[in-house]
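Participant: quick one, structure for this:
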Amino acid sequence: MNELFILATSIGFAHAFEADHLVAVSSIVIRRNNIWLSIKDGIFWGLGHTSIILIVGTVFILGRFIIHESDFKFFEAIVGFMLIFLGFWRLFQINKSKEKHHHNPDGSHKLAYGIGAVHGLAGSGAVLLTAITQSKSNFDGLLYLLVFGVGSILGMMVAAGIFSVPFSAKIMNKKWIPISLSIVSSLLCIFFGSLIMYENLIL
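Facilitator: Numbers count the residues shown, from 1 in each chain. Modelled structure (predicted):
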């Protein structure tokens, strides 16, 4: 069983580095010029992601509902819509600021938590299937989800920290760098969001 939990941590850590998660967190940390605040954004993304998976997991595992990964296609599509919205909203902010590139100096991490929660809702199907099929009891299944969540929090902490480096105070003095990266991040959000919506609503 220890091997299973090590696997859960590893899968959770790697899960944080999926493309849609990375473009989402990049759209969050571009508001910061402080690495610690960016890392906290990563933590709150992971907390939102984990809390929703635990809630959904508790309902399905204890309720013994039959689950199919395809049942979560609608929630995947919501993630796609969210990414498209984040991309266009960020482009709107860049244009509105007239290239002044304002940052969010406060310590609020509600946006990160909310985005993580939406990702958790969409990704809970595959995680639940693994927890149910690989665990011998309800307790082990829920513990698997918790350990998976810890792994995803650690992974997103690392991802957020890495993405925050180009937006550090020193590099921010060169305005074209953060603006260019913000535009790229926004376009990637729109691209991956459109792709996710197409795969889950049309295919």
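Participant: check contacts around residue 119.
Facilitator: Neighbouring residues of residue 119 by CB atoms under 8 Å, 6 or more residues apart in numbering: 20-21, 24, 45, 48-49, 79. To be clear about C-beta, it is placed using only N, CA and C from the backbone, and glycine gets the same treatment.
Participant: where does the protein have low pLDDT?
Facilitator: Scanning the chain for pLDDT under 70 picks out 1, 65-71, 97-107, 166-178, 203.
Participant: widest-spaced pair of the contacts of residue 119?
Facilitator: 20 and 48 (14.6 Å; CB to CB).
Participant: who has more neighbours, those two?
Facilitator: Between residue 20 and residue 48, counting by other CB atoms under 10 Å, residue 48 is the more crowded of the two (25 against 21).
Participant: what is the lengthiest helix in the chain packed up against?
Facilitator: In the chain, taking DSSP state H as the definition, the longest helix is helix 35-63. Counting contacts by 3 or more CB pairs under 8 Å, 6 or more residues apart in numbering; DSSP states H and E, helix 35-63 packs against helix 19-29, helix 110-134, helix 138-164.
Participant: what does the first one rub up against?
Facilitator: Meaning helix 19-29. Contacts for helix 19-29 (CB under 8 Å, 6+ apart): 15, 38, 41-42, 45, 79-80, 82-83, 86-87, 90, 111-112, 115, 119, 156, 159-160, 163-164, 167, 185-186, 188-189, 192-193, 196.
Participant: 6 Å instead?
Facilitator: 38, 41, 86, 90, 112, 115, 159-160, 163-164, 185, 188-189, 192 (CB atoms under 6 Å, 6 or more residues apart in numbering).
Participant: stretch 89-97 now?
Facilitator: Contacts for stretch 89-97 (CB under 6 Å, 6+ apart): 27, 182, 186.
Participant: just give the nearest non-adjacent residue to residue 30, would you?
Facilitator: Nearest non-adjacent residue to residue 30, counting by CB to CB, 6 or more residues apart in numbering: residue 182, 4.9 Å away.
Participant: swap in residue 39?
Facilitator: Using CB to CB, 6+ apart, the closest residue to residue 39 is residue 161 (4.9 Å).
Participant: what is the neighbour count of residue 194?
Facilitator: 15.
Participant: next one: it from residue 123, what distance?
Facilitator: Note on residue 194: its distance to residue 123, by CB to CB, to the nearest Å, is 19 Å.
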